[in-house]
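**Student:** what's the 3D shape of this:
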Amino acid sequence: MDQTGLAARRTAHFILQQVTTEGRLMSEVIGAGALNDLAPDDRARAQRLATDALRGLDRADKMLRQHVKKAPPIFVQNALRLAVVELATDGSAHGVVNSYVEIVARNKRTEKLKGLTNAVLRKVSETAAAQWGKSAVPVMPKWLRGPLIEAWGQKAIAGVERAHFSGAPLDLTPKTDADAVARATGGTVLPTGSVRVQEAGQVSRMSGFIEGEWWVQDAAAAMPVRLLDPQEGDRVLDLCAAPGGKTLQLAAMGTDVTAVDVSEGRMRRVQENLKRTGLTAEVIVSDAFEYQETGFDAVLLDAPCSATGTIRRHPDLPYAKDGSEFGALIGQQEAMIDHALGLLKPGGAMVFCTCSLLPDEGEVQVEEALGRHSDLTIDRAALDKPWIEKDWITEEGGLRFRPDYWPDIGGMDGFYMAVLRKGS
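**Tutor:** A predicted model of the protein is given here:
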């Protein structure tokens with residue numbers, strides 16, 4: 001481990017640069033090897049620094065504007081952002097100012113600004129911790145905040161932003177016994193059956209991981225399968241299956257599950273988790289539209305979407321994206337619904353779901369699907385389950401989840417889901 005902290009800070013700065021200037025998601029940058037040259041402790045530190053900075057980016061920028069009249073080049077700006085967050089939140093951090101001055105100095109294009117960096121950070125360090133605690137909750141970029149306020153209102157989105165800034169606890173889906181998993185991990189069983197761990201360490205070292213007693217899955221992401229509630233022996237298609245949490249749920253319920261996804265790499269992870277948990281599913285790497293097998297009792301379609309419901313776990317998303325891809329995603333979802341219905345046997349059920357906060361990727365998609373298919377109905381009887389709260393039920397008969405729900409116990413991801421029934 002680098003005792004100076006410079007290696008982790010340089011990597012965190014690289015990640016922040018890739019997100020804010022190249023539009024790459026943090027997972028993509030890390031998957032491409034950004035952390036490979038670091039010791040394990042430094043890997044964790046770099047990832048945490050980048051995540052914390054992205055989560056508090058708006059607040060950091062507001063603090064910096066008190067000391068910098070004109071925004072410096074983005075390379076310097078990102079170094080300052082990381083430093084502000086560290087100075088404000090990590091009382092044990094050492095060498096913060098020197099590290100970020102060195103990062104700026106090593107770049108030939110910005111080396112002349114090392115003096116500015118040093119001066120600004122020395123000033124910030126005097127009041128950073130006190131000011132951070134009194135500052136307003138960071139808000140989302142305008143391109144996303146505007147549509148969400150239009151959909152849910154100012155008050156709701158203020159709650160969503162508080163949830164984003166607070167981050168997310170670790171949710172586990174038990175293979176069988178939720179109470180046993182809660183006891184072993186120090187977690188709490190949620191009303192929906194997931195286990196929530198507020199203070200989790202390294203996942204692979206937690207009790208029950210190696211034994212395959214559970215897998216990581218946000219509580220909201222576990223609800224589509226619970227809503228579908230298939231019966232043992234049902235033939236179920238999990239379309240767009242990766243990362244595979246729903247496949248594992250379906251397999252644990254005793255269904256004959258086929259998991260289809262286009263990503264070979266992500267499907268390898270699904271197979272690894274199936275092996276770890278001792279569960280069985282047919283795993284097929286294929287484009288969803290090219291998969292043509294029919295006659296399924298049920299289909300679970302977790303369609304590709306904006307992922308705007310997952311920002312509390314992935315704070316890079318609002319800064320890596322700009323909303324320009326939303327139109328294409330909405331069109332793809334519409335086509336996927338139509339294709340998936342064709343794979344369903346008459347009388348079968350399909351759950352359509354997206355981890356999005358945008359009604360165009362949820363409520364609107366279902367309303368339009370009902371208009372396109374005269375034999376399609378929404379299964380309101382599926383909502384008659386004890387874990388479903390009335391406030392979650394939408395006008396057309398689906399379920400809507402937002403990060404500001406369950407505020408006292410750590411919130412949940414934003415999700416939409418509905419059960420559609422094909423005519424017989």
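**Student:** Where does pLDDT dip in the stretch 1-150 of the chain?
**Tutor:** In the predicted model, the stretch 1-150 of the chain carries pLDDT under 70 at residues 1-3, 91-92.
**Student:** Helices of that one, residue ranges please.
**Tutor:** 6-22, 26-31, 40-55, 57-64, 74-89, 96-106, 114-134, 142-152 (DSSP state H, counting those that start in this stretch).
**Student:** Check the stretch 251-400 of the chain too.
**Tutor:** Here the stretch 251-400 of the chain has its helices, by DSSP H, counting those that start in this stretch, at 264-277, 317-320, 326-342, 363-372.
**Student:** what's the distance between the last one and the middle of its chain?
**Tutor:** Relative to the mean C-alpha coordinate of its chain, helix 363-372 is positioned 25 Å out (C-alpha atoms, centre = their mean, to the nearest Å).
**Student:** Check the average confidence over that helix, would you?
**Tutor:** Helix 363-372 carries an average pLDDT of 98.
**Student:** Sort out which residues of that helix are buried, please.
**Tutor:** 363-367, 369-370 (16 or more other C-beta atoms under 10 Å). For every residue, glycine as well, the C-beta is placed using N, CA and C.
**Student:** Counting by contacts, list what it packs against.
**Tutor:** Here helix 363-372 is seen to pack against helix 326-342, strand 344-354, strand 376-378, strand 415-422 when contacts are counted using 3 or more C-beta pairs under 8 Å, 6 or more residues apart in numbering; DSSP states H and E.
**Student:** quick revisit: comparing the helices of the stretch 251-400 of the chain, which stretch has the densest surroundings?
**Tutor:** Mean neighbours per residue, mean count of other C-beta atoms under 10 Å, is largest over these for helix 317-320, with a mean of 21.
**Student:** Just the C-alphas of that one, formatted as CSV.
**Tutor:** Presented in CSV, the C-alpha positions along helix 317-320 are these (Å, rounded to 0.1, in the frame of the first residue of the first chain):
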residue,chain,number,x,y,z
LEU,A,317,-24.3,8.3,-14.1
PRO,A,318,-25.5,12.0,-14.2
TYR,A,319,-22.0,13.1,-15.2
ALA,A,320,-21.2,10.4,-17.7
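**Student:** Report how far apart the opening and closing residues of stretch 334-349 are.
**Tutor:** 17 Å (C-alpha to C-alpha, to the nearest Å).
**Student:** contacting residues for the spatially closest residue to Ser194 that is not a sequence neighbour?
**Tutor:** Distance criterion C-beta to C-beta, 6 or more residues apart in numbering; nearest residue to Ser194, sequence neighbours excluded, is Ala219 at 4.1 Å. With contact set as C-beta atoms under 8 Å, 6 or more residues apart in numbering, Ala219 has these partners: 171, 190, 192, 194, 196, 412-413.
**Student:** Ala219 falls within a strand, correct?
**Tutor:** No. Going by DSSP: H, G, I helix; E, B strand; the rest coil, the assignment for Ala219 is coil, not a strand.
**Student:** So it versus Val181, what's the distance?
**Tutor:** 13 Å (C-beta to C-beta, to the nearest Å).
**Student:** circling back to that earlier point, of the helices of the stretch 251-400 of the chain, which approaches Asp287 most closely?
**Tutor:** The closest of the helices of the stretch 251-400 of the chain to Asp287 is helix 326-342. By C-beta to C-beta, the value is 10.4 Å.
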